[in-house]
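**Student:** Here is a sequence with its predicted model. Questions after.
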Amino acid sequence: MKKHKNIAARFAMRLSGMILTAAVLVTSCVIPSRARAKTNPTAEFIDRTYEILASAKPDAGRFDFWYRNLSSGNISATSMIDMMISSPQLMLGEETRLPEGEQLLDSLSLLMTEKPMEPQQKSTYLDYMAHGVSVRRVIYDLSVMTEYIGVCGRYTVRHDGLSDLSPRDTNPDLTKYVYNMLTDLTYGRPATSEECDDWCARFLGGQAVAPAIDDAAKTGPVAGSAMTDEEKVVLIYRTMVGQEISAEEKGSYQEALANGMSMSYVVQKISETALFQMKCTDLQILAGSVELTEPRDNNYELTSFLTRLYTRFSGNRPTAEDLNGYVLQTIEDPGTVREVITQMLSAPECQELIPSDEEFLNTVYEVFYGYTPDNSKTKAYLIGMSNGITRSRILSEILKDPAFDEKMAEYGIDTRVEKIVPEKLVALTFDDGPYTPVTMRILDALEPYGAHATFFVVGNRVGNYSESVIRATNLGCEIADHTWNHTTLTKISGDAVSQQIWDCAETVYNLTGVCPRVMRPVGGSYNSTVSANVGMPMIIWSVDTNDWKYRDSQHVIDEIMNNVRDGDIILMHDLYESTADAVEYVVPALIEAGYTLVTISELAEYKGIDMENGKAYFSMRG
Ligand code: ZN
């Protein structure tokens, strides 16, 4: 009995003003008597209702309860039927088992309109009820039919309908839509009545659909599932539009996904279709639109270019996070697109798909320049790679070709835009090496900060210390020319000058695949003969540490930190442990002071200086 009391209490709350307790149902009442009711239309209505719904007669307690409330007009016949259907054991009798499904619909139709339900109508209701709508909606619909009003008139009972339909019973087509969204996209299991009520209320209250679908697709089972792009597109389209997607439209969304666009982008595209808009109009809800916040979704051309590139080299799409990073970097600083591409294609997965260096080079040329390079272009690169130069370093060299800018223009990327220039730049330069014991220490100091320096190497030393030259190249440092055997150029002929420079350059080129672009004359000494024959820009210096003279790290540190200015070129020698000691201090100190450590070529590029062969540069101060 306790359980019945609780249920009854809930009904009492629903039917405001009506006093109803379980006690009423079981306590025998004095009036009206069972005998007197026999001839009364209201009593007949009660009997008939019991007969149709429960195939039984009401017991005295229940009969009296219904009779009193119906005849007094306390409740309508519709409410009575609703209460009976909602809680048959309590309201009809403890043994009552209601018919289900189709039979229940037939019984209700017979009861309320005295005729069976049309098959078409029946299947519509069965479909609704399988998608979150309750039977109360059926009772409500039947209660407004003229047949029912006639029946109620004959039996002298109130016919008015249910005034408190829950959100999920308010708009059955919307409920079905919501049920599918929750079941297929949000939860991956059948939605509950409470969930349907919640979401129907939101949409009826004016919340837009497209963002909700987007959210469901982002966080629901579709997001993490092993479904293919095609399956996801089909399911999301079906949920949004309520019909199957055409092959053509499916293809275009799959292509967008393959090009790196997000599922939110696809949801947004579907939300723009006329069919989706019509669906929302039919359901009387707001379509809304998806806010695309990821960088990749706002730049189709660029995103698809970078995605296709990455996919070509790795066999897989980049992760959303990586792709957003690449796209954002390219948009914010288009001048760095070479670095972005180099970084992207340096990912380990991009190294593994194409095992042969030659094939890698051919692919790079084909992708960026549209042709297969001949041996003269690739020979040095292949040697460099066989000596340990990384593919990304070689790639960054290949992308220096001006044809790259034209290629990027095809994808709407303006590479001629200058890079964002760091506020303070400085070029550390080291002469007279390489000398592995010291050069490696300097590289160790630079590497953690991604800092770059320039090494003016002496050609005849390169073979003995090639490992430090390879490593410096891979770290993005510049290997520059400091003659073949440290000859003072002002003392030799023009031809000899040329020989000194190109012997050194060739040695570096044949080791790394990258040719030196700048040189430094020994002792900083040059004359018109040197200028005319050197064939490269001549880089002197603006801060001389005299590290070779004092061999004192503190002296080097003081010289640099007391004198450094933006655009300076600082002279050191990677021959002395004391110089390496100083560099270990100076690199973090300069960075702390706001400097970006760059190579000579980078310094010139940032400063917009187009260096000329044979011209001397002491600094690149602004
Ligand atoms: Zn020197």
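**Tutor:** Received, thanks. Residues are numbered from 1 along each chain as shown.
**Student:** Can you report how many residues lie near the residue of the stretch 451-600 of the chain found nearest the ion?
**Tutor:** Scanning the stretch 451-600 of the chain for proximity to the ion using Cβ to the ion identifies residue 522 as nearest, at 5.0 Å. Glycine gets a C-beta too; all of them are placed from N, C-alpha and C. Residues lying near residue 522 (other Cβ atoms under 10 Å) number 21.
**Student:** So for it, what's the pLDDT?
**Tutor:** Note for residue 522: predicted pLDDT of 97.
**Student:** Run through the residues of the stretch 351-500 of the chain sitting next to the ion.
**Tutor:** The stretch 351-500 of the chain has residues 431, 432 near the ion, with proximity defined as Cβ under 5 Å from the ion.
**Student:** Residues contacting the helix or strand harbouring residue 168, please?
**Tutor:** Under the criterion of DSSP states H and E, residue 168 resides in helix 167-170. Identification of contacts with helix 167-170 by Cβ atoms under 8 Å, 6 or more residues apart in numbering yields 132-134, 136-137, 140, 175, 178, 193, 196-198, 200-201, 204.
**Student:** From residue 327, how far out is the residue positioned nearest the centre of the chain?
**Tutor:** By Cα atoms, centre = their mean, the chain has its centre lying nearest to residue 320, at 4.5 Å. Distance of residue 320 to residue 327, computed by Cβ to Cβ, to the nearest Å: 10 Å.
**Student:** anything in contact with each of the two?
**Tutor:** If you check residue 320 and residue 327 against Cβ under 8 Å, 6+ apart, the residues they both contact are residue 296.
**Student:** quick revisit: out of the contacts of helix 167-170, give me the one that has the most neighbours.
**Tutor:** Highest neighbour count within the contacts of helix 167-170, by other Cβ under 10 Å: residue 178, with 31 neighbours.
**Student:** Go ahead and confirm it touches residue 199.
**Tutor:** Yes. Assessed by Cβ atoms under 8 Å, residue 178 is found in contact with residue 199 at 4.7 Å.
**Student:** okay, and for the chain, where does confidence drop off?
**Tutor:** The chain contains residues with pLDDT under 70 at 1-38, 417-418.
**Student:** Would you mind naming what in it lies close to the ion?
**Tutor:** Proximity of the chain to the ion, by Cβ under 5 Å from the ion, involves residues 431, 432, 522.
**Student:** Run a quick neighbour tally on the first one.
**Tutor:** Residue 431 has 24 neighbouring residues, counting by other Cβ under 10 Å.
**Student:** need the contact list for the residue nearest to the centre of the chain.
**Tutor:** Counting by Cβ under 8 Å, 6+ apart, residue 320 has contacts 262, 294, 296.
**Student:** Of those residues - the most surrounded one?
**Tutor:** Greatest neighbour count in these, by other Cβ under 10 Å, goes to residue 296: 26 neighbours.
**Student:** Need the phi and psi values for it.
**Tutor:** phi -60, psi -30 (degrees, to the nearest 10).
**Student:** ok so, going back, could you double-check that the residue of the stretch 451-600 of the chain closest to the ion lies in contact with residue 488?
**Tutor:** Yes. Shown here, residue 522 and residue 488 form a contact pair, counting by Cβ under 8 Å, at 5.1 Å.
**Student:** wait, isn't residue 171 in contact with residue 282?
**Tutor:** No. Here residue 171 lies out of contact with residue 282, judged by Cβ under 8 Å, at a distance of 10.3 Å.
**Student:** Give me the more crowded residue out of the two.
**Tutor:** Legend: neighbour count by other Cβ under 10 Å for residue 171 and residue 282, higher for residue 171 (20 against 12).
**Student:** tell me the phi and psi of the nearest residue to residue 378 once chain neighbours are set aside?
**Tutor:** Leaving aside its sequence neighbours, residue 378 sits nearest to residue 361 (Cβ to Cβ, 6 or more residues apart in numbering; 4.9 Å). Per-residue torsions, residue 361: phi -60, psi -50 (degrees, to the nearest 10).
**Student:** okay, now residue 361: neighbour count?
**Tutor:** Counted by other Cβ under 10 Å, the residues lying close to residue 361 total 22.
**Student:** who's in contact with it?
**Tutor:** Contact analysis of residue 361 by Cβ under 8 Å, 6+ apart lists 373, 378, 381, 382, 394, 398.
**Student:** Off-centre distance for the lengthiest strand in the chain?
**Tutor:** Ordering each strand of the chain by length in residues (DSSP state E) puts strand 424-431 first. Distance of strand 424-431 from the chain centroid (Cα atoms, centre = their mean, to the nearest Å) equals 39 Å.
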